[in-house]
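J.: coordinates for the following, if possible.
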Amino acid sequence: MNARRLAILALATSVALAGCGKKEGSDSAAAPTGRDAPVIRIDGSSTVFPIAEAVAEEFQVGERGAVRVTVGLSGTGGGFKKLCRGDIDISNASRPILAEEMEMCRAAGIGFMELPVAFDAITVVVNVKNDWAKSVTIADLKKMWEPAAQGQVARWNQIRPEWPDAPLMLFGPGADSGTFDYFTEAVMGKAKSSRGDYTASEDDNVLVQGVENNTNALGYFGYAHYASHKDRMRALPIQKDDGTQALPSNATVLDGTYQPLSRPLFIYVSDKSAQRPEVRKLIEFYLTEGPALAEQVGFVSLPEHAAQMSLEHFKANRLGTVFGGVPEVGVTIDELLKRETKQ
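T.: Numbering: from 1, shown residues only. All right, here's what the predicted structure looks like:
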C-alpha cells in the first residue's frame, strides 16, 4: 500500500471515529463547506467499513469540502436498523438483508437498493505459536462453534485427538454482525446458531488482538483484517471432504475453491436518499472507483463487468433484494446480478 493511501486511511479513521469527514477546498467558495455542507451518513458492517472509509475519503478529496461523509461502525444488523429508521443514507452489509429487516423498512416507508461492492473470504485464524492445527474442516468448525458445544467443548483435543490437551479460546463477531450470520449459516446450516460462551465483538480489531495475544486462540473475521495482521497470526486452510485444502486469497475466492466461506459484500442505499444529487454522485463514484480501492484495503474487487452491471442497476433505481430475505451461502456475483429483485 503506498504512502498516500496509508495517510488517507489514517485520516479517514479519525474522521469516522469523530463522526464527521470534512475537507476544505480553497477554490470552492461558492459551494457550501464545513458545517453548511450536506452530509451523507454511512453505517453498518465492520467488514465493509475499510472500503466505505476509503471511498468516503477519496470522494471528499474530489469534492473539496462541498460534501461531508460520515462512516459509522455498528455491525450489519445495526446498520439495517438505522437504515430502516431513516437515520442513515447507506448501510454497509456483509450479508443480505433479512425478511424481518425488510419488513422494518417497509413499515417505515423506506425502500432500498442492494448493490454488491466486493468479495470477501471469512478467514479462520490461530495464533502464530499454534504449531498443531495445520488445517480445519467445516466439521471441525461445527464441533467448536455449534450451540451444543457451549460449556462442553473447551479443549483442542476434543476437536481432534491428535491436537493438544490445551484450552480452546474462541474469538468471533457478535450477534449483530453479518459475518456472524454468514459463518453460522455456512458452518451450522442455520444463521445465528452458535454457542454463546466465546469472546464476541462487533469490532474486528478486538478479535484480532485476542488471537494475537493468546497462544490457544482461534477466531474468524473478514480477510482484510487478517491481511493487515498476517505477520502476527496464521490463517487455516479449509479442508474439504476429498482432502483438498484452500487458503483464503483473491484467486481462491474468484475461482470458487474457498467455499463455503467466501461471500459478496453489499451496500444498501435508501431510496429517499438516492434522490439527493450528492448521494447519487457518491454511489456512482463508489461503483466506478470502489473496486480499485477495495483491492487496496485487502478485499477481492468486483470484476469490471459486475461493477458496471451494479452501476446500471443503481441508475435504473432498481429497488429490493435478490435474496427475498432468506440467507444463502455460495452464491456468485454474476448469479446475483441476473436475478430479479423482491421488495
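J.: poorly predicted segments of this structure, please.
T.: For the chain, the stretches flagged by pLDDT under 70 are 1-35, 333, 342-343.
J.: from residue 159, how far off is the residue nearest the centre of it?
T.: Computing the C-alpha centroid of the chain and ranking residues by Cα atoms, centre = their mean puts residue 47 first, at 2.8 Å. Using Cβ to Cβ, to the nearest Å, residue 47 is found at 26 Å from residue 159. Yep, even glycine has a C-beta here, placed from its N, CA and C like the rest.
J.: kindly report the same for residue 243.
T.: Residue 243 is 18 Å from residue 159, by Cβ to Cβ.
J.: same check on residue 248?
T.: For residue 248 relative to residue 159 (Cβ to Cβ), the value is 20 Å.
J.: help me confirm that residue 119 comes into contact with residue 258.
T.: No. If you go by Cβ atoms under 8 Å, residue 119 and residue 258 don't touch, sitting 9.7 Å apart.
J.: what strand or helix carries residue 285?
T.: Assessed by DSSP states H and E, residue 285 sits inside helix 277-296.
J.: that helix packs against which elements?
T.: Contact analysis of helix 277-296 by 3 or more Cβ pairs under 8 Å, 6 or more residues apart in numbering; DSSP states H and E lists strand 39-44, helix 49-63, strand 90-93, strand 112-121, strand 262-270, strand 300-301, helix 304-315 as its packing neighbours.
J.: just the strands in this protein please.
T.: In the chain, the segments counted as strands under DSSP state E are 39-44, 68-71, 90-93, 112-121, 123-127, 136-137, 169-172, 199-200, 217-221, 233-235, 238-239, 245-246, 262-270, 300-301.
J.: which residues touch the fifth one?
T.: With contacts defined as Cβ atoms under 8 Å, 6 or more residues apart in numbering, strand 123-127 is touched by 133, 136, 141, 211-212, 214-223, 225-226, 233-236, 238, 248, 261.
J.: what angle do it and strand 217-221 make?
T.: 150 degrees (axes from the mean of the first three to the mean of the last three Cα atoms, to 10 degrees).
J.: what residues of strand 123-127 count as buried?
T.: Neighbour-count burial for strand 123-127 flags 123, 124, 125, 126, 127 (criterion: 16 or more other Cβ atoms under 10 Å).
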